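> just need the structure, nothing else, for what follows:
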Amino acid sequence: MCNKRAIEQLSSYKTIVARMKMLAKYPVGSGIYLSAVNQDDHLQQLHAQLRKLPSYMYLSKHEQKLETVAHAYLTRYPAGTKSQLAEVSKARGRDEEDERMLQELRGAIEKVIEARAGKLDGFDAIIERLGELQHLEQRKKQIEWGLEVLEEFKPDYGRLLRLQYIEGKTAVANAMELGISERTFRRWKQEALAAYGKLMAE
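Numbers count the residues shown, from 1 in each chain. A predicted model of the protein is given here:
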């Protein structure tokens with residue numbers, strides 16, 4: 001990663017945080033916002049307990065049939081309902097009966113989310129924004145982790161970039177806080193960007 005790309009990535013941090021803040025307050029219904037839907041499912045604790053029992057002890061015959069179809073078509077069994085929905089939506093039944101059962105599974109998961117959010121209208125829009133929020137979270141954590149690692153072996157460089165791009169302080173203020181001249185600050189900044197770029201190189 002060259003200095004230009006490092007600058008672009010670090011400069012995007014504040015925009016990422018601002019966009020995440022906006023998305024977190026995206027209303028999905030009944031006074032619930034996207035940030036709440038993005039949290040881990042508390043139901044997974046119950047699911048974990050149920051998995052320890054044979055399914056016939058807590059599922060009806062029809063539910064057992066749905067479970068069989070799910071096992072036949074799904075290769076992954078993610079925890080969160082949003083991830084489960086994505087997996088079921090990708091599956092295609094080999095015949096009409098299996099396809100109908102898969103659609104019923106999708107509907108059941110949507111109803112869980114509907115019950116929490118109080119709204120199913122615009123469901124695809126909610127999923128799209130949820131995906132964007134999670135992508136931004138990943139980018140934000142990547143930048144923060146890069147700076148954290150840089151600070152471990154080049155504390156001054158890591159601190160300089162954090163002051164400049166995360167805290168948004170001016171070059172003069174940064175130089176004063178680091179106890180260096182503006183000329184040294186400019187040199188360190190280029191060296192810090194190069195070091196960050198090497199760390200983040202793909």
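> for stretch 190-202, buried residues please.
By neighbour count, with 16 or more other C-beta atoms under 10 Å as the criterion, the buried positions of stretch 190-202 are Ala192, Leu193, Ala195, Tyr196, Gly197, Leu199, Met200. Heads up, the C-betas are built off the backbone N, CA and C, glycines and all.
> what strand or helix carries the first one?
The reference is to Ala192. Secondary structure assignment for Ala192, by DSSP states H and E: helix 182-200.
> packing partners for that helix?
When contacts are defined as 3 or more C-beta pairs under 8 Å, 6 or more residues apart in numbering; DSSP states H and E, helix 182-200 sits against helix 3-11, helix 123-153, helix 155-161, helix 171-178.
> can you put those helices in a markdown table and add mean pLDDT, mean neighbour count and distance to Leu105?
Compiled in a markdown table, these are given as follows (pLDDT from 0 to 100; neighbours: other C-beta atoms under 10 Å; distance: least, C-beta to C-beta, whole Å):
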| stretch | mean pLDDT | mean neighbour count | distance to Leu105 |
| --- | --- | --- | --- |
| helix 3-11 | 90 | 16 | 40 |
| helix 123-153 | 86 | 15 | 15 |
| helix 155-161 | 94 | 20 | 47 |
| helix 171-178 | 92 | 15 | 55 |
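> mind putting the ones you listed into CSV with distance to Thr184?
Formatted as CSV, those follow (distance: least, C-beta to C-beta, whole Å):
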stretch, distance to Thr184
helix 3-11, 17
helix 123-153, 18
helix 155-161, 10
helix 171-178, 7
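> figure out which of these is closest to Glu87.
The stretch from these with the least distance to Glu87 (C-beta to C-beta) is helix 123-153; that distance is 12.9 Å.
> other SSEs contacting the closest one?
Packed on helix 123-153, when contacts are counted by 3+ C-beta pairs under 8 Å, 6+ apart, are helix 13-24, helix 34-37, helix 81-90, helix 96-117, helix 155-161, helix 182-200.
> could you chop this protein up by domain?
Structural domains assigned to the chain are 3-18+136-200, 43-117, following automatic domain parsing.
> tell me which residues touch Ala175, please.
By C-beta atoms under 8 Å, 6 or more residues apart in numbering, the contact set of Ala175 is Ser181, Glu182, Thr184, Phe185.
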